[in-house]
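Chemist: Sequence below, structure please.
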Amino acid sequence: MPAYEEDLAEFSRYDTQVLGISTDNVPSLENWAKSMGGLSYPLLSDFWPHGQVALKYGILREEGICERALFVIDKQGIIRYIDIHPIGDQPDNAEIFKVLKKL
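Modeler: Numbers count the residues shown, from 1 in each chain. You can find the predicted model right below:
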């Protein structure tokens, strides 16, 4: 998440809104963001009903957490890019910028 924070100006150049979403509750998300020095983009809670957004996107694990996934959704609501990768891996923002450049 800090990598997205660092590149917010670049995301802005593509008229893009960065959002984080987690199955954690709001207080947990707030504390997590504070532990990283804060984030200036929205963090959304998919806590109740638990994981319904993650379920609809096909990324909810059986144990109730979601995969680390990136979605680029255009202004018409069409998913243009999906990247699901191991939770410990940080994807390269350059790949996302390539996709955004094509939109």
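Chemist: Which pLDDT value belongs to residue 1?
Modeler: With respect to pLDDT, residue 1 scores 82.
Chemist: now do residue 59
Modeler: pLDDT, read off for residue 59, is 93.
Chemist: isn't it right up against residue 71?
Modeler: No: between residue 59 and residue 71 there is no contact under Cβ atoms under 8 Å: 9.0 Å. Backbone N, C-alpha and C define where each C-beta goes, glycine included.
Chemist: Which of these two has more residues huddled nearby?
Modeler: Shown here are residue 59 and residue 71; by other Cβ atoms under 10 Å, residue 59 has more neighbours (19 against 14).
Chemist: which one is that one nearest to, not counting chain neighbours?
Modeler: Leaving aside its sequence neighbours, residue 59 sits nearest to residue 67 (Cβ to Cβ, 6 or more residues apart in numbering; 4.2 Å).
Chemist: burial count for the one you found?
Modeler: Neighbours of residue 67 using other Cβ under 10 Å come to 14.
Chemist: next one: residue 22
Modeler: With other Cβ under 10 Å as criterion, residue 22 counts 20.
Chemist: Please report how far residue 62 lies from residue 70.
Modeler: Noted for residue 62: a distance of 22 Å to residue 70, by Cβ to Cβ, to the nearest Å.
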